[in-house]
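Colleague: Mind folding the following:
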Amino acid sequence: MKTYEVGVYNKYIREKVRNGDEVDPNDAVWENVHYFDVRAENVEEARKKILFEYKPEKGFVIECIEAYKLGG
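Modeller: Prediction:
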């Protein structure tokens, strides 16, 4: 099993913040990409795992999925 770094942000929050709309400070942080470590067999499994918690219908977008490289 590999470890993947997955970057996620919320498109609805990003749009509100960039339009200058009022957003709760606890939600406003989702304008930026948050990175999570996900253990999975492959990229598709990592995507499924993160989307289970951060649902697209709630505005979450996967910015990137990168496997960690071992060694130098």
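Colleague: Could you look up the SS state of Val23?
Modeller: Classification of Val23 using DSSP: H, G, I helix; E, B strand; the rest coil returns coil.
Colleague: Tell me how far the residue nearest to it when sequence neighbours are not counted lies from Val6.
Modeller: Distance criterion CB to CB, 6 or more residues apart in numbering; nearest residue to Val23, sequence neighbours excluded, is Lys16 at 5.0 Å. C-beta: built from backbone N, CA, C; applies to glycine. Distance from Lys16 to Val6, counting by CB to CB, to the nearest Å: 23 Å.
Colleague: Output the below-cut-off pLDDT ranges for this protein.
Modeller: Applying pLDDT under 70 to the chain flags the ranges 70-72.
Colleague: what about the helices in it?
Modeller: Under the criterion DSSP state H, helices of the chain are mapped to 11-19, 25-28, 43-53.
Colleague: Tell me which of those helices lies nearest to Tyr68.
Modeller: Nearest of these to Tyr68, taken as CB to CB: helix 43-53 at 11.2 Å.
Colleague: How many residues are close by the closest residue in space to Trp30 that isn't next to it in sequence?
Modeller: Leaving out its chain neighbours, the residue that sits closest to Trp30 by CB to CB, 6+ apart is Asn10, at 3.9 Å. With neighbours defined by other CB atoms under 10 Å, the count for Asn10 comes to 22.
Colleague: how near is Asn10 to Arg39?
Modeller: Distance from Asn10 to Arg39, by CB to CB: 24 Å.
Colleague: show me what contacts Val33?
Modeller: Counting by CB atoms under 8 Å, 6 or more residues apart in numbering, Val33 touches Gly7, Val8, Tyr9, Glu63, Cys64.
Colleague: Same list, those residues, but as JSON lines with distance to Met1 and neighbour count please.
Modeller: Listed next are the contacts of Val33 as JSON lines, based on distance: CB to CB, whole Å; neighbours: other CB atoms under 10 Å:
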{"residue": "Gly7", "distance to Met1": "20", "neighbour count": "16"}
{"residue": "Val8", "distance to Met1": "20", "neighbour count": "19"}
{"residue": "Tyr9", "distance to Met1": "26", "neighbour count": "18"}
{"residue": "Glu63", "distance to Met1": "23", "neighbour count": "12"}
{"residue": "Cys64", "distance to Met1": "19", "neighbour count": "11"}
